[in-house]
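# A structural model of the following input is requested.
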Amino acid sequence: MKFIIYYAIIFVILISGCKALNCPEKRKSNSKKIELNIYNSSWFTRTEKSPEFAFADVNLVISGKTNAERLTVRTFGDGKGGDMEIKLDSNGIFNDTIRICFCHDISSSELSKVFYSETNLKAYLDSDKIDTTLNSGPLHYY
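Numbers count the residues shown, from 1 in each chain. Below is the predicted model of the structure:
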């Protein structure tokens, strides 16, 4: 009877000790950190004017490399926003031109002002996500 109790105690100790150990499989999924390298991010504006309206947009040219599975950028225009996916090649390299913002019926006073824009870039890998803000520097419409 003592041997059964002795083996039961050893079994319980072994089982509880195994739960406390970090399994290599669990660490493997969490050990990979998202890498995001932006080689270039340049901004430009474009306008279209007619006697009836003025249409303007802000664009971002972006390139780089990531190990993320998915990369998105925040876009908006006339009150409507969303995330647009940036295409990644099989090596995680991206190179894209994205319209970040668009506006209809821009007034002539707004066309002459200097302004700044920004957007959020998000990278996703498994259940992890990183979020970074890209700022434009001074812009103006032509």
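# centroid residue for this structure?
Centroid-nearest residue in the chain: residue 122, 0.9 Å away (criterion: CA atoms, centre = their mean).
# Which of the helices or strands spans that one?
Applying DSSP states H and E as the criterion places residue 122 in strand 118-125.
# picking up where we left off before, what residues are bridge-paired with the residue nearest to the centre of the chain?
Residue 122 forms beta bridges with residue 72, residue 131, as assigned by DSSP bridges.
# Likewise for residue 139?
Residues in beta-bridge contact with residue 139 (DSSP bridges): residue 115.
# Do a quick rundown of the helices in the protein.
Using DSSP state H, the helices of the chain run over residues 2-20, 24-31, 108-111.
# Lowest average pLDDT across these?
The weakest mean pLDDT among these belongs to helix 24-31, with a mean of 48.
# tell me the mean pLDDT over stretch 36-45?
On average, the pLDDT along stretch 36-45 is 95.
# May I see the buried residues of it?
By neighbour count on 16 or more other CB atoms under 10 Å, the buried set for stretch 36-45 is 36, 41, 43, 45. Glycine gets a C-beta too; all of them are placed from N, C-alpha and C.
# Between all of those, which two are separated the most?
Maximum pairwise distance among the buried residues of stretch 36-45 (CB to CB): 25.5 Å, between 36 and 45.
# Tell me the gap between the strand holding residue 122 and the middle of its chain.
Strand 118-125 sits 2 Å away from the centroid of its parent chain (CA atoms, centre = their mean, to the nearest Å).
# got it, and stretch 83-94?
That offset, for stretch 83-94, works out to 11 Å (CA atoms, centre = their mean).
# ok, now stretch 46-57?
Centroid separation for stretch 46-57 versus its chain: 30 Å, with CA atoms, centre = their mean.
# Dump it to PDB, keeping only the CA atoms.
Extracted C-alpha coordinates of stretch 46-57, given in PDB (Å, rounded to 0.1, in the frame of the first residue of the first chain):
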ATOM      1  CA  ARG A  46      -2.900  65.800 -56.700                       C
ATOM      2  CA  THR A  47      -5.800  68.100 -57.600                       C
ATOM      3  CA  GLU A  48      -8.300  68.300 -60.400                       C
ATOM      4  CA  LYS A  49     -10.000  71.700 -60.800                       C
ATOM      5  CA  SER A  50     -13.000  72.600 -62.900                       C
ATOM      6  CA  PRO A  51     -15.500  75.500 -62.700                       C
ATOM      7  CA  GLU A  52     -18.000  73.100 -60.900                       C
ATOM      8  CA  PHE A  53     -15.700  71.400 -58.400                       C
ATOM      9  CA  ALA A  54     -12.300  70.800 -57.000                       C
ATOM     10  CA  PHE A  55     -11.100  67.300 -56.200                       C
ATOM     11  CA  ALA A  56      -7.900  66.700 -54.200                       C
ATOM     12  CA  ASP A  57      -6.100  63.700 -52.800                       C
END
